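Undergrad: Sequence and predicted model, in that order:
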Amino acid sequence: MSSPADTTVGFVGLGHMGGPMAINLAKAGFVVQGFDVAQAALDAAAAEGVTPVSTIKQAVEGADVVITSLPNGALVHQCYRGDEGIIANAKPGALLIDTSTIDVDDARAAADEARAAGLRALDAPVSGGVVGAKAGTLAFMVGGPEDVVEAARPVFDVMGAKAVRCGDSGAGQAVKLCNNMLLAIHQIGVGEAFALAEKLGVEDQAFFDVASVATGTCWALNVNCPVPGPVPASPANRDYEPGFAVGLMNKDLGLALGAVDKQGVDAKLGKLAGEVYSSLNETDAAGKDFSVVYREIARNSGVEGA
């Protein structure tokens, strides 16, 4: 890949995650052609140096790299396929990077279709949330050929702090789903531990000071602490403003548990986490950060002030 100024990036999907990634690429000197169905998203990206376009075809034309950031696998396939889609309009040898979180089989099918058309393709879901997208500190879990992953390093280095090749096509999605199932289990466990500590008369700060450096330490505690106070930057101090919303965790758990069933894995805690977040997603907390699960646990436990 040549220098940023000589590299054109087509970016499809300028939402909470895609918008900041596209903006960071533009600020780094890449020529970024951005498309989104939401005019507000287009306007926000345009104000930060992204060239807004009105169709997927226009975003892709002449692009060396095409990045997608979309809500689900069906939309990824919709954007890849058809006369106006990415595959039909990408220039020969273009590099496609899908940063969406989708089903492993959908990711592999999209990559196969791209390669059949003479294109290079990677699945590269992210971890780090909106904060990481804005700061350019995302972690990318990447699936695809090693040489293609290396070719994509210049854009990964702008959008994130780390990009790890996890294996061939679909492996990035597989790691993302496994990671988020584990994260959901952690966040519920941290919430339950705080609720129990509070019921036993222990102050939140005291419990945090011990658990954060003891064997209970984890990201869900140290960074995404679900009670106000101990970690000032955590969503709990902003009325659980996401972050990573309950609805998104519920979606990712659905994908993970679909894989659990397909592969015959004995994932009792993963399935229970799926039930917890599915129920929470039916409440007014659906748009809150997924650490809001603590509030539900605390209320059900009779924690004073919850």
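TA: Everything's here; your move. Note that this is a predicted model, so its numbers are computed, not measured. Numbering: from 1, shown residues only.

Undergrad: low pLDDT regions in the stretch 1-150 of the chain?
TA: Along the stretch 1-150 of the chain, the parts satisfying pLDDT under 70 run over 2.

Undergrad: And the helices in it?
TA: Assigned by DSSP state H, counting those that start in this stretch, the stretch 1-150 of the chain shows helices spanning 18-27, 39-46, 56-60, 73-80, 86-89, 104-116, 129-135, 146-151.

Undergrad: Mind naming the longest helix for this protein?
TA: In the chain, taking DSSP state H as the definition, the longest helix is helix 171-199.

Undergrad: immediately after it, which helix or strand?
TA: Going down the chain from helix 171-199, the next helix or strand is helix 204-211, by DSSP states H and E.

Undergrad: buried sites along that following helix?
TA: 204, 207-208, 211 (16 or more other Cβ atoms under 10 Å). From N, CA and C alone the C-beta is placed, and that goes for glycine too.

Undergrad: Shouldn't A161 be within a helix?
TA: No. Using DSSP: H, G, I helix; E, B strand; the rest coil, the assignment for A161 is strand, not a helix.

Undergrad: And for the closest residue to it other than its chain neighbours, the neighbour number?
TA: Closest residue in space to A161, ignoring its immediate chain neighbours: T137 at 4.4 Å, by Cβ to Cβ, 6 or more residues apart in numbering. Neighbour count for T137, taken as other Cβ atoms under 10 Å: 14.

Undergrad: what's the answer for the one 3 residues further on, then?
TA: Here the number of neighbours of F140 (other Cβ under 10 Å) works out to 27.

Undergrad: Tell me if I'm right that it and K162 touch.
TA: Yes. Look at F140 against K162 with Cβ atoms under 8 Å: they come within range, at 7.0 Å.

Undergrad: which ones are touching W219?
TA: For W219, the contact set (Cβ atoms under 8 Å, 6 or more residues apart in numbering) comprises 183, 186.

Undergrad: gap between it and G49?
TA: According to Cβ to Cβ, to the nearest Å, W219 stands 32 Å off from G49.

Undergrad: so what pLDDT did N180 get?
TA: Note for N180: predicted pLDDT of 95.

Undergrad: For burial, what's the neighbour tally of it?
TA: Quick note: N180 (other Cβ under 10 Å) scores 24 neighbours.

Undergrad: ok, and the closest non-adjacent residue to P20?
TA: A133 (3.9 Å).

Undergrad: How many residues are close by that neighbour?
TA: So A133, with other Cβ under 10 Å, has 25 neighbours.

Undergrad: So it is in contact with V126, correct?
TA: Yes. At 7.4 Å, A133 counts as touching V126 under the criterion of Cβ under 8 Å.

Undergrad: Spit out the residues that contact the two alike.
TA: M17.

Undergrad: Tell me who's in contact with C166.
TA: Listed by Cβ under 8 Å, 6+ apart, the contact set of C166 reads 141-143, 172, 174-175.

Undergrad: correct me, but A285 touches I297?
TA: No. The criterion here is Cβ under 8 Å, and A285 misses it with I297 at 11.8 Å.

Undergrad: Got the domain ranges for this protein?
TA: Following automatic domain parsing, the chain resolves into domains at 4-168, 174-300.

Undergrad: Please identify the most buried of these.
TA: domain 4-168 (a mean of 20; mean count of other Cβ atoms under 10 Å).

Undergrad: for that domain, the distance to its chain's centre please.
TA: In this view, domain 4-168 has its centroid 13 Å away from the chain centroid, taken as Cα atoms, centre = their mean, to the nearest Å.

Undergrad: go on, stretch 170-180?
TA: 11 Å.

Undergrad: contact partners of that stretch?
TA: Contact partners of stretch 170-180, identified using Cβ under 8 Å, 6+ apart, comprise 101-105, 107-108, 111, 122-127, 140-144, 164-167, 249, 252-253, 255-256, 259.

Undergrad: Please narrow those residues to those residing in strands.
TA: 122-123, 126-127, 140-143, 164-167 (DSSP state E).

Undergrad: could you dump those to a markdown table with distance to F156?
TA: Shown next, in a markdown table, are those (distance: Cβ to Cβ, whole Å):
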| residue | distance to F156 |
| --- | --- |
| L122 | 9 |
| D123 | 13 |
| V126 | 10 |
| S127 | 13 |
| F140 | 6 |
| M141 | 11 |
| V142 | 8 |
| G143 | 13 |
| V164 | 10 |
| R165 | 10 |
| C166 | 13 |
| G167 | 16 |
